[in-house]
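Novice: next one to model:
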Amino acid sequence: MSRIAIVGAGQSGLPLAFGLLEKGYEVTVVTNRTPTDIRQGSIMSSQCIFDPALQIERDLHINDWDDVCPPVEGIAYTVPHPQDPTAKAIDWSARLHKPAQSVDQRVKMAAWLEKLEAQGGQVLIQNVGVPELEALTQNHDLVLLSAGKGDVVRLFERDATRSPFDKPQRALALTQIHGLEPKPDYSRVSFNLLPGIGEYFVFPAYTLSGPCDIMVFEGVPGGPLDFWRDVHSPQEHLAASRRFLDTYLPWEGARARHVELTDSKSVLAGAFAPTVRKPVLTLPSGRLVFGMGDAVCVNDPITGQGSNNATKAAKVYLDAILAHGDQPYTRGWMEQTFEAFWDYARWVVEWTNSLLTPPPPQALKLLGAANQSPALASFLANGFNHPPAYFPAWHDMQAAERLIQEHQPATAAT
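Specialist: You can find the predicted model right below:
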């Protein structure tokens, strides 16, 4: 069997490692943090993983939090009224067919690293640059890079044809909290769209101290939600989060009246440009490194698809490696494997990027029509499981109108 090295211990690299290990491959995972470092560090993402990606984890027997993580049972969309900020122009919610789940990556990745090593995988703790990649390619049949951050990621060439943005489109902030007032009926991702200002969404999760909620703020650069660089402590971050909600989303501010941070490292702020990179890196020696996950396709978190994309990439890559057998891993095979993933990911990228610009009229029409159509609301909510289902309606007005008509309530259709 082949020897395979994976640089990066995240939502893409580790599921692939487990899948390969189960099939008898010799697997090395390289990361620059120990499980203890991860648990003691800051939160890393606002992951919300929907059922198709969760099923991949179940199939790999790494779904270790089903009994403790609170479910995410639905999706809700709200747009404030343009003349009355206390009223809602769009306001609907719908259940997911199967619940989603969010486990703090400090909990998940630390446990997965320990589990991988216990099952016979090799874990190397070191920083990785070109010399380390060269050494790995000498000792392994295939080297994959799945890390989403660090200088080594920028070695992969940006694909300008698939990356419409060359700068961040949102000022991002996460606030992980206890004490949020729950929604009645069922738990949900409560997504609030503020045209010209940004977005706010909040959903249940599980962290080091147990069940919690994650607030995600997405500010249009230069607007009233682009202030995080002036916040200098976790408590200031929480206070700023609450002030914004009280001012712009009072119904969400009311839910957050008694919230507290889950821990001293449960806030995060920053910005990045959504980017697709070419999947093959040629080292000075001429040997190749294959990119996956956030190393080659990183989306803005506005649609909550990052961890889902990463998990689905791991599945595509795993299947391709298993089908490839003992043949050499050529550039052509790497590019073909990435394109197989891109056949799915392109729709996620297009949908996500469309929400970073003024929403297209057909998208607003779909979201507004869901106010009167529970069936359409359900369709839109469950599109988070499989974003290609939104197309062609998301970018074509005639297709959007047909979709709305197909989901008209029975009384309205007669």
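
Novice: would you agree Met397 is in contact with Gln362?
Specialist: Yes - if you go by CB atoms under 8 Å, Met397 and Gln362 touch, sitting 4.4 Å apart. No exception for glycine: its C-beta is placed from N, CA and C like everyone else's.

Novice: check contacts around the most centrally placed residue in the chain.
Specialist: Nearest to the geometric centre of the chain sits Gly306, at 2.1 Å (CA atoms, centre = their mean). Counting by CB atoms under 8 Å, 6 or more residues apart in numbering, Gly306 makes contact with Gln11, Ser45, Gln47, Asp294, Val298, Asn299.

Novice: thinking again about what came up before, who's more crowded, Met397 and Gln362?
Specialist: Gln362 (21 against 13; other CB atoms under 10 Å).

Novice: for the more buried one, grab phi and psi.
Specialist: phi -70, psi -30 (degrees, to the nearest 10).

Novice: contacts only, for it.
Specialist: Listed by CB under 8 Å, 6+ apart, the contact partners of Gln362 are Ala393, Trp394, His395, Asp396, Met397, Ala399, Ala400.

Novice: try 10 Å this time
Specialist: Gln362 is in contact with 354, 392-401, 403-404, counting by CB atoms under 10 Å, 6 or more residues apart in numbering.

Novice: write the PyMOL selection for whichever of these are buried.
Specialist: Here is the PyMOL command that selects the buried residues among the contacts of Gln362 (16 or more other CB atoms under 10 Å):
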select buried, resi 354+393+394+399+400+403+404
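
Novice: redo the contacts of Gln362 as CSV? Include secondary structure.
Specialist: Shown next, in CSV, are the contacts of Gln362 (DSSP: H, G, I helix; E, B strand; the rest coil):
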residue, secondary structure
Ser354, helix
Pro392, coil
Ala393, helix
Trp394, helix
His395, helix
Asp396, coil
Met397, helix
Gln398, helix
Ala399, helix
Ala400, helix
Glu401, helix
Leu403, helix
Ile404, helix
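
Novice: now, which of the contacts of Gly306 lie within strands?
Specialist: Counting by DSSP state E, the contacts of Gly306 place Val298 in strands.

Novice: of the contacts of Gly306 - the most surrounded one?
Specialist: Busiest of the contacts of Gly306 [other CB under 10 Å] is Gln11, holding 29 neighbours.

Novice: need the contacts of Gly306 in a markdown table (columns: distance to Val152 and pLDDT).
Specialist: Formatted as a markdown table, those follow (distance: CB to CB, whole Å; pLDDT from 0 to 100):
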| residue | distance to Val152 | pLDDT |
| --- | --- | --- |
| Gln11 | 18 | 96 |
| Ser45 | 19 | 92 |
| Gln47 | 22 | 92 |
| Asp294 | 12 | 93 |
| Val298 | 14 | 94 |
| Asn299 | 20 | 94 |
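
Novice: alright, calling it a day.
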